[in-house]
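# Need a 3D model of the following:
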Amino acid sequence: MDARQRMNLVSDSSLDKVFEQSDDEHQVGAILEERQDSRTKTIMHTSRLFLRNLAFSCTEAEIMDLFQPFGEIAQVSIP
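Residues are numbered from 1 along each chain as shown. Reported below is the predicted structural model:
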């Protein structure tokens, strides 16, 4: 890289803007946390947890064995 290219690189003011963080990113993070909190509250209120994308070979007994350490399991249903 020659001196002229380095000089253009250093004097380019757009480089300073690359590392600026907008307030919108903080707001998006807060919204995601709020959604996560509402989901957790719903699960705690209804005491139901829906699992998706399970393998077809997954059995009710396997699910009970995996979740038993976290508390009492009243029902497991695989349609």
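# Quick one, grab the pLDDT at residue 70.
Note on residue 70: pLDDT of 89.
# Would you enumerate the residues in contact with it?
For residue 70, the contact set (CB atoms under 8 Å, 6 or more residues apart in numbering) is empty. Heads up, the C-betas are built off the backbone N, CA and C, glycines and all.
# Over to the one 4 residues further on?
When contacts are counted by CB under 8 Å, 6+ apart, residue 74 is found next to residue 47.
# For it, which three-state class applies?
Following DSSP: H, G, I helix; E, B strand; the rest coil, residue 74 is assigned to coil.
# cool, and residue 62?
helix.
# So for it, what's the pLDDT?
pLDDT at residue 62 comes out at 95.
# contacting residues around stretch 41-54?
63, 67, 74, 78.
# neighbours around the last one, how many?
Around residue 78 sit 11 other residues, with neighbours defined as other CB atoms under 10 Å.
# do the same with residue 67
With other CB under 10 Å as criterion, residue 67 counts 14.
# Name the helix or strand for it, please.
helix 60-67 (DSSP states H and E).
# What of residue 35?
Residue-wise, residue 35 maps onto helix 23-46 under DSSP H and E.
# Same question for residue 53.
Applying DSSP H and E, one finds residue 53 in no helix or strand.
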